[in-house]
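> I'd like to go over a predicted model; first the sequence, then the structure.
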2 protein chains.
Amino acid sequence: MAGEKAVSLTDGEVPTQIKNPELVRERRRHIIDSTVTLFIAHGYHKTTTRMIARAAGFSVGSLYEYVSSKEDLLYLVCKAIHEEVQDAVEDALSDSSGQKEQLAEVIRQYFQVCDKMADHILLMYQVTQFLPEKWKERVLVNELKITDLFVQALAGMSGKNNFPVLDEKRVNLVGHNISVLGQMWAFRRWHMKKNFTLDQYTSIQTDFILGLLF
Amino acid sequence: MAGEKAVSLTDGEVPTQIKNPELVRERRRHIIDSTVTLFIAHGYHKTTTRMIARAAGFSVGSLYEYVSSKEDLLYLVCKAIHEEVQDAVEDALSDSSGQKEQLAEVIRQYFQVCDKMADHILLMYQVTQFLPEKWKERVLVNELKITDLFVQALAGMSGKNNFPVLDEKRVNLVGHNISVLGQMWAFRRWHMKKNFTLDQYTSIQTDFILGLLF
DNA sequence: AATAAAAGACCGAGCGCTCGTTCAATACTG
DNA sequence: CAGTATTGAACGAGCGCTCGGTCTTTTATT
């Protein structure tokens, strides 16, 4: 179930003119990579399909053989980012055995991911709004999946190893808080980077989350 | 100092062709109101200057007498939203006397503001990216001002009334956390509204912030 | 008070341009 | 040669913004 590193870029989800599915997977990977860089640098609207084509080493025409619209490409980008974050979080969780110290470690690794992928996280925040409704829903579901990893982990700890028992709603919300406080390092970095190192940030937020502050 | 409900819409900041400053203030107020509604409904890019003019009851030409570009108008919108939030938070803080229970009350009122202004908060997240660098900085400063209200309040409580002493960095970060956890009710409402009432959310998050969970 | 003149506010057709997308022509490959 | 992949010029809808002009209000003049 976990650990597939799903590279489902061929999905009928997003249509293509090209017959050879392997070619599609390979080229799309390439297109997505180029596009992410451009989107981060210039934003969605100021990145033109021509720029994307050029950066990926294609003509506009070819680009449109592999991707049916700019919006669809945007969806592929969002999906790829989510997959990357999700994989990283799953890795972090895989060697966590449910102690309070382990939770701290998971948070530490997650925040590390948020730091490394700060640009991508910011991009997701900026760009989800431009997805067609159909894709937008999917993206939110993916976002929820990541948060749920924390929720599940917390639920697993609840009541064990001097961990307090938390009802479902509380667990759920704490999961979201962890998720968002990680992202905050990305979307408020204009302030954070000026005032904290990542380690400082992690340390204080961990205390905060574990309720050691007050 | 506080309580001016500053309506500084005449500021030389954003240029205009119209001579009568009172007229400018009045009309801009009106234009901004119409624009906010449109931006919330359709986003920045899909809202055309024609739509804005029509909604405000002007011709495009007149619109451009009061506002020198769509980007400047966007800045005015952001500023107006921040002013509204800031005023509301200041009100909430004005009758807080520095007890733990009072902090809870401030949080409650702030979250209420976030709920009422959820659309606006979301809009700010979506739209800041389109501001010219010059305005973007200002907007971030305004955002910081609001967070600082919490930081100041916390700093004032630190050490008094069975409140723990917190160093500057911790106080600063907790202020940001309060600010962001309020906004989270807005930008994750697709999940939150499905699973919590505002009261539930407030109650759990207050516990979380005050560290009563673990 | 009547009239002229100047200023200020308002108008909207249209300019110049960008951008996503298409498609007829061309090249490649087995 | 058939099937597939690639190309990039051309398209046309849509956009922000301008500008020559009109309408309204205020001021000046007789």
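Done, it's in.
> could you pull out the helices in chain A for me?
For chain A, the helices defined by DSSP state H occupy A:21-46, A:49-56, A:60-66, A:70-94, A:100-116, A:118-127, A:133-157, A:168-187, A:189-195, A:198-210.
> including mean neighbour count, could these go into JSON lines?
To be clear about C-beta, it is placed using only N, CA and C from the backbone, and glycine gets the same treatment. Compiled in JSON lines, the helices of chain A are given as follows (neighbours: other CB atoms under 10 Å in any protein chain shown):
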{"stretch": "helix A:21-46", "mean neighbour count": "17"}
{"stretch": "helix A:49-56", "mean neighbour count": "16"}
{"stretch": "helix A:60-66", "mean neighbour count": "16"}
{"stretch": "helix A:70-94", "mean neighbour count": "19"}
{"stretch": "helix A:100-116", "mean neighbour count": "19"}
{"stretch": "helix A:118-127", "mean neighbour count": "20"}
{"stretch": "helix A:133-157", "mean neighbour count": "17"}
{"stretch": "helix A:168-187", "mean neighbour count": "21"}
{"stretch": "helix A:189-195", "mean neighbour count": "14"}
{"stretch": "helix A:198-210", "mean neighbour count": "19"}
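> can you list those in a markdown table and add mean pLDDT and distance to B:F196?
Converted to a markdown table, the helices of chain A look like this (pLDDT from 0 to 100; distance: least, CB to CB, whole Å):
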| stretch | mean pLDDT | distance to B:F196 |
| --- | --- | --- |
| helix A:21-46 | 90 | 31 |
| helix A:49-56 | 95 | 40 |
| helix A:60-66 | 93 | 42 |
| helix A:70-94 | 94 | 23 |
| helix A:100-116 | 92 | 23 |
| helix A:118-127 | 98 | 22 |
| helix A:133-157 | 94 | 14 |
| helix A:168-187 | 97 | 7 |
| helix A:189-195 | 97 | 27 |
| helix A:198-210 | 96 | 19 |
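> with adjacent residues omitted, what lies nearest to the residue sitting nearest the centre point of chain A?
When CA atoms, centre = their mean is applied to chain A, the residue found nearest the centroid is A:H82 (3.5 Å). Leaving aside its sequence neighbours, A:H82 sits nearest to A:N142 (CB to CB, 6 or more residues apart in numbering or on different chains; 4.2 Å).
> over to A:V113?
Leaving aside its chain neighbours, A:V113 sits nearest to A:A88 (4.4 Å; criterion: CB to CB, 6+ apart).
> isn't the one you found right up against A:F111?
No: contact criterion CB atoms under 8 Å: A:A88 and A:F111 do not qualify, at 11.1 Å.
> residues contacting the residue nearest to A:V113?
For A:A88, the contact set (CB atoms under 8 Å, 6 or more residues apart in numbering or on different chains) comprises A:Q109, A:Y110, A:V113, A:M117.
> one more time with 10 Å
A:Q109, A:Y110, A:Q112, A:V113, A:C114, A:K116, A:M117, A:I146 (CB atoms under 10 Å, 6 or more residues apart in numbering or on different chains).
> got it, and A:T147?
Counted by CB under 10 Å, 6+ apart, A:T147 has contacts A:V89, A:N172, A:G175, A:H176, A:N177, A:I178, A:S179, A:V180, B:R188, B:H191.
> give me every residue that touches the spatially closest residue to the second one that is not a sequence neighbour.
Using CB to CB, 6+ apart and skipping the chain neighbours, the partner closest in space to A:N172 is A:V151 (5.5 Å). Taking CB under 10 Å, 6+ apart, we find A:V151 in contact with A:L144, A:E168, A:V171, A:N172, A:L173, A:V174, A:G175, A:H176, A:I178, A:S179.
> of those, closest to DNA strand C?
Distance to DNA strand C across those (CB to the nearest atom of the strand) is lowest for A:L144, with 27.7 Å.
> which residues does that closest one contact?
Taking CB under 10 Å, 6+ apart as the test, what A:L144 contacts is A:V151, A:G175, A:H176, A:S179, B:R188, B:W190, B:H191.
> quick one: it from B:K194, how far?
A:L144 is 10 Å from B:K194, where distance means CB to CB, to the nearest Å.
> swap in A:T202?
Computed as CB to CB, the A:T202 to B:K194 distance reads 30 Å.
> around DNA strand D, pick out the residues from chain A.
Proximity of chain A to DNA strand D, by CB under 7 Å from any atom of the strand, involves residues A:17-20, A:23, A:27, A:58-62, A:64-65.
> so what's A:T47 closest to, chain neighbours aside?
A:L38 (4.5 Å).
> nearest to DNA strand D: which residue in chain A?
A:G61 (2.1 Å).
> surely that residue and A:A53 touch.
Yes: the pair A:G61 / A:A53 is scored as a contact, 8.3 Å apart, by CB atoms under 10 Å.
> rewinding a little: now distance to B:K134 too, for the helices of chain A, in JSON lines please.
Compiled in JSON lines, those are given as follows (distance: least, CB to CB, whole Å):
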{"stretch": "helix A:21-46", "distance to B:K134": "17"}
{"stretch": "helix A:49-56", "distance to B:K134": "25"}
{"stretch": "helix A:60-66", "distance to B:K134": "34"}
{"stretch": "helix A:70-94", "distance to B:K134": "28"}
{"stretch": "helix A:100-116", "distance to B:K134": "28"}
{"stretch": "helix A:118-127", "distance to B:K134": "19"}
{"stretch": "helix A:133-157", "distance to B:K134": "31"}
{"stretch": "helix A:168-187", "distance to B:K134": "21"}
{"stretch": "helix A:189-195", "distance to B:K134": "15"}
{"stretch": "helix A:198-210", "distance to B:K134": "29"}
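> now A:I178. Nearest residue, chain neighbours left out?
A:I178 sits nearest to A:F150 (CB to CB, 6+ apart), 4.9 Å away.
> the one you found: what's it in contact with?
A:F150 neighbours (CB under 10 Å, 6+ apart): A:89, A:93, A:103, A:106-107, A:110, A:171-172, A:174-179, A:182.
> try it again at 8 Å.
A:V89, A:V106, A:Y110, A:V174, A:G175, A:H176, A:I178, A:S179.
> if I look at it, how far off is chain B?
Between A:F150 and chain B the distance is 13 Å, computed by CB to the nearest CB, to the nearest Å.
> check A:Y110 too.
16 Å.
> pull the contacting residues for that residue.
A:A88, A:V89, A:A92, A:F150, A:I178, A:G182.
> and chain A, which of its residues are near DNA strand C?
A:H45, A:K46, A:T47, A:T48, A:T49, A:R50, A:V60, A:G61, A:Y64, A:S69, A:K70, A:E71.
> nice, that's everything, thank you.
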